[in-house]
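Undergrad: Below: sequence and its predicted model.
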Amino acid sequence: QVQLVESGGGLVQAGGSLRLSCAASGKIADIGAMGWYRQAPGKEREFVAAVSSGGSTNYADSVKGRFTISKDKDKTKKMLYLQMNTLEPEDTAVYYCAASRATVTTSRMNYWGQGTQVTVSS
């Protein structure tokens, strides 16, 4: 089994930045692709960004050019990051880290973290 723990959420003013982190533990050898998703109040959970096991990235149109997904170069650590710049009130949501046993960015995610709240004030 894989456990994912997010950190780094908080309250920030519009135009500001935050960096989310996700630490994976357990059977990390099972992990291929990883990604970030978010769920705003009253809305369904949506894709934000993903990175394949080979390092290819994929972003939702709404965050392209503002958010950057990355992972620790030390593959034994399985740390995932999301650098969020030029934040907008519409980015307010609970952000979830996710991991897949498959390798590509469009893979179905098998493991989920508990989420971290990001609130952007106008």
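TA: Right, received. Where do you want to start?

Undergrad: quick one: the strands in this structure?
TA: 2-7, 10-13, 18-26, 34-39, 46-51, 57-59, 67-71, 79-84, 93-99, 111-112, 116-121 (DSSP state E).

Undergrad: could you dump those to TSV with distance to Thr105, mean neighbour count and mean pLDDT?
TA: In short, each C-beta sits where N, CA and C put it, glycine included. Output for the strands of the chain, formatted as TSV (distance: least, C-beta to C-beta, whole Å; neighbours: other C-beta atoms under 10 Å; pLDDT from 0 to 100):
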stretch	distance to Thr105	mean neighbour count	mean pLDDT
strand 2-7	17	17	97
strand 10-13	27	13	98
strand 18-26	15	18	96
strand 34-39	7	22	98
strand 46-51	4	20	97
strand 57-59	4	16	96
strand 67-71	9	19	97
strand 79-84	13	21	97
strand 93-99	11	23	98
strand 111-112	16	17	98
strand 116-121	21	17	98
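
Undergrad: Skipping its backbone neighbours, what lies nearest Asn85 in space?
TA: In space, and not counting its chain neighbours, Asn85 is closest to Ser17: 4.8 Å by C-beta to C-beta, 6 or more residues apart in numbering.

Undergrad: neighbours around that neighbour, how many?
TA: Residue neighbour count, defined by other C-beta atoms under 10 Å, stands at 11 for Ser17.

Undergrad: OK, contacts around it?
TA: Gln83, Met84, Asn85, Thr86, Leu87 (C-beta atoms under 8 Å, 6 or more residues apart in numbering).

Undergrad: For the residue nearest the centre of the chain, list each beta-bridge partner.
TA: Centroid check for the chain by C-alpha atoms, centre = their mean gives Trp36 as the closest residue, at 2.4 Å. Following DSSP bridges, Trp36 is listed with bridge partners Ala49, Cys97.
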